[in-house]
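1. quick one: sequence and predicted model below, then my questions.
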Amino acid sequence: QVQLVESGGGLVQAGGSLRLSCAASGRTFSGSVMGWFRQSPGKEREFVAAISWSGGSSTYGDSVKGRSTISTDNAKNTLYLQLNSLRPEDTAVYYCAASSHPAWLALSGGQHAYNYWGQGTQVTVSS
């Protein structure tokens, strides 16, 4: 059974940084694509970033491009999202997700390409 457990969210002032973590277990993730999505109240879930588990390819959503870095630690089976220069509009629940679909599909950022989801971690950015 696949488990994805996010951590690292919290309250931060605008301009600050956070690093989100996602501990993955329950299957072999090599060859998979992992992603981060976020959802604010009243809005649809939005693609943030994705990375092949090997780290060879990564993509970012326009809203965080240039301010965030996605990475993996294969030894720890953990996915990370470094968020910098945070803005109030970054306030959302951030979800970790894993895909067993073709990498090109998952890296495109479509939610339908992701089979497994974590429970989410809240990020709140104050102005």
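-> Perfect, thanks for sending it. Residues are numbered from 1 along each chain as shown.
2. can we go C-alpha only for contacts and neighbour counts from here?
-> Will do.
3. does A98 count as helix, strand or coil?
-> strand (DSSP: H, G, I helix; E, B strand; the rest coil).
4. and for it, the neighbour number?
-> By other Cα atoms under 10 Å, 26 other residues sit near A98.
5. what do you get for S85?
-> For S85, using other Cα under 10 Å, the count is 15.
6. SS state for it?
-> Recorded secondary structure, S85: coil (three-state DSSP).
7. what residues are up against it?
-> The contact partners of S85, by Cα atoms under 8 Å, 6 or more residues apart in numbering, come to 14-17, 67.
8. can you lay out those as TSV showing secondary structure and distance to S85?
-> Output for the contacts of S85, formatted as TSV (DSSP: H, G, I helix; E, B strand; the rest coil; distance: Cα to Cα, whole Å):
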residue	secondary structure	distance to S85
A14	coil	7
G15	coil	4
G16	coil	5
S17	coil	6
R67	coil	6
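9. so what touches stretch 65-80?
-> So stretch 65-80 is contacted by 19-25, 29, 34, 49-51, 53-55, 58, 81-86 (Cα under 8 Å, 6+ apart).
10. could you redo the last one with a cut-off of 7 Å?
-> Stretch 65-80 has contacts (Cα atoms under 7 Å, 6 or more residues apart in numbering) with 19-24, 49-51, 53, 55, 81-85.
11. top of the residues you listed by neighbour count?
-> Neighbour max across the contacts of stretch 65-80 (other Cα under 10 Å) = A50, 31 neighbours.
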